[in-house]
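>>> Coordinates for the following, if possible.
(one chain, ligands or ions: 1)
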Amino acid sequence: MTAVESTKLLQKWFSHTTSPFIANAPMLGFTDPEMANAVNQAGGLGFISGGFNFKPESTHLSDLEKSLVNTRSITGTTSTETLPIGVGFITFSPVGFENAVTILAKYRVAAIWLAFPKADIDHGSLVQMIRDSQKKNGWDVKIFVQVGTVQSANEAIDEGVDVLVAQGTDAGGHQWAQGAGLMSLLPEVRDAVRAKSASDRIAILGAGGIVDGRGCVAALGLGADGIVMGTRFVATAECPAPEQIKQTIVSATDGAVSTVKSVQHDVFQSTDVWPAQYDGRAVIGISYTDSQSGVTDEEVIQRYNDARKMGQDHRRTVWAGASVGVIDAVVSVDELIKGIQQEVKEVMARITANI
Ligand SMILES: Cc1cc2nc3c(=O)[nH]c(=O)nc-3n(C[C@H](O)[C@H](O)[C@H](O)COP(=O)(O)O)c2cc1C
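Predicted structure coming up:
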């Protein structure tokens, strides 16, 4: 089976989506039901984030349930219908994940996204938990796993997931500290799926540095069936991000220079709870330049906390991918998705005309 044939898997599973398939990343703090619904309305697959704490008393779980109630009402979905959005989880601390699955089954979400386990193999038991609930509840859900290496892709294939989100190191936000760009990663992930004769049951999405139709065509050419974007969706009217963060993304140029992969972005905001194999790409901001010029971590953290106490966002880490320089305006989700799908056709026609 070819990449083109497996593209049809996504449109079969998510029948409201148009081609090429586009999903927003489930960005913790940067998505909400209104945004996910806007992505769906434009022909994409909308994701919200369910967070990373699954203990019964967790506010992540109570917030998730509120969001799903809200999504049902916005989308006019009944309790027996599939809720047409996905929910993403950060899985490095999976204690109590069964509590999340109970909520997801109750609302019958269409997709679950797992990312950033302590060890890739940890996803095996979570996938099993979802499959058991799926059988018990007659629930139609697809499992997405974000992978940043061929090894993690192979493990996810063996665990029986439905979609591999191949994340390259141009990506905004957290990612494998030692990884590769999509140019290298995607073809090898496609080969891994083929080698396991899994192209008829597993779709591949490319994520990392894709912000327009050119990047989308490149990802499709490299072996993806569709794309995921994070940074580009932050700079949309519907994204619940502070205006300052959207403007930082819009005004940044030359992502090779203006962004950097580092664990320090988390240190500065006291969110350095991540396993050692992950770091994050963000715009180089005041905290990072302070640190580079010799200010101690303690002092940088103090300055960050003082600014936050005063309600200021200018010291917040602006997670953003290396293609940030190409983003020059805040647009609506509809404009973004339909614009990229149209641009894909134009780029394909230009390529065809020139070969
Ligand atoms: C602001 C921001 C927040 C993110 N949060 C998450 C998250 O909570 N969970 C996750 O799996 N990935 C997260 N990511 C990474 C995305 O899943 C995706 O790999 C990345 O956005 C792709 O690169 P791009 O930003 O260049 O499009 C985040 C990315 C950004 C930019």
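>>> Closest residue of the stretch 51-200 of the chain to the ligand?
G173 (2.6 Å; Cβ to the nearest ligand atom). Backbone N, C-alpha and C define where each C-beta goes, glycine included.
>>> pLDDT score for T259?
T259 is assigned a predicted lDDT (pLDDT) of 98.
>>> what's it sitting at in phi/psi?
Main-chain torsions, T259, degrees, to the nearest 10: phi -120, psi 160.
>>> contacting residues around stretch 89-104?
Stretch 89-104 is contacted from outside by 26, 28, 49-56, 58, 61, 64-65, 68, 87, 112-118, 122-123, 125-126, 129-130, 133, 141, 174, 273-275, using Cβ atoms under 8 Å, 6 or more residues apart in numbering.
>>> Now, the residues you listed that are in strands?
Counted as lying in strands by DSSP state E, out of those, are S49, V87, I112, W113, L114, A115, H174.
>>> ok, of these, which one's closest to V189?
Minimum distance to V189 across the ones in strands among the contacts of stretch 89-104 is 15.0 Å, recorded for A115 (Cβ to Cβ).
>>> How about the secondary structure of the nearest residue to that closest one once chain neighbours are set aside?
Excluding the flanking residues, the one nearest A115 by Cβ to Cβ, 6 or more residues apart in numbering is Q146, at 3.8 Å. Look at Q146: counting by DSSP: H, G, I helix; E, B strand; the rest coil, its state is strand.
>>> Any figure for the gap between Q146 and K338?
Using Cβ to Cβ, to the nearest Å, we find Q146 at a distance of 25 Å from K338.
>>> Of those two, which one has the most company?
Taking other Cβ atoms under 10 Å, Q146 and K338 do not tie; Q146 has more neighbours (28 against 16).
>>> rewinding a little: in TSV: the ones in strands among the contacts of stretch 89-104, plus neighbour count, pLDDT and distance to V211.
Shown next, in TSV, are the ones in strands among the contacts of stretch 89-104 (neighbours: other Cβ atoms under 10 Å; pLDDT from 0 to 100; distance: Cβ to Cβ, whole Å):
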residue	neighbour count	pLDDT	distance to V211
S49	23	98	20
V87	27	98	24
I112	26	98	26
W113	25	98	20
L114	25	98	24
A115	25	98	20
H174	26	98	18
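>>> Enumerate the residues of the stretch 51-200 of the chain near the ligand.
Within the stretch 51-200 of the chain, the positions near the ligand by Cβ under 6 Å from any ligand atom are G88, I90, A115, Q146, Q167, D170, A171, G172, G173, H174.
>>> 5 Å instead, please
Within the stretch 51-200 of the chain, the residues that sit near the ligand (Cβ under 5 Å from any ligand atom) are A115, Q167, A171, G172, G173.
>>> what two of those residues are the furthest from one another?
Counting by Cβ to Cβ, the most remote pair of these is A115 and G172, 13.5 Å apart.
>>> contacting residues for the residue in the chain positioned nearest to the ligand?
As assessed by Cβ to the nearest ligand atom, the ligand sits closest to G230 within the chain, at 1.9 Å. Shown in contact with G230 (Cβ under 8 Å, 6+ apart): N24, A25, M27, F30, A171, G172, G173, A207, W319, G321.
>>> list the contacts for the residue lying closest to the last one once chain neighbours are set aside?
Looking back up the chat, that one is G321. Setting aside the residues directly before and after it, G321 is nearest to G172 in space (Cβ to Cβ, 6+ apart), at 3.6 Å. The neighbourhood of G172, defined by Cβ under 8 Å, 6+ apart, consists of G230, T231, V234, T259, R281, A282, W319, A320, G321, V324.
>>> Try it again at 6 Å.
By Cβ atoms under 6 Å, 6 or more residues apart in numbering, the residues touching G172 are G230, T231, R281, W319, A320, G321.
>>> So which of these sit within strands?
Counting by DSSP E, the part of the contacts of G172 found in strands is R281.
>>> Between which two of the contacts of G172 is the distance greatest?
Pairwise over the contacts of G172, using Cβ to Cβ, the maximum falls at G230 and R281, 10.1 Å.
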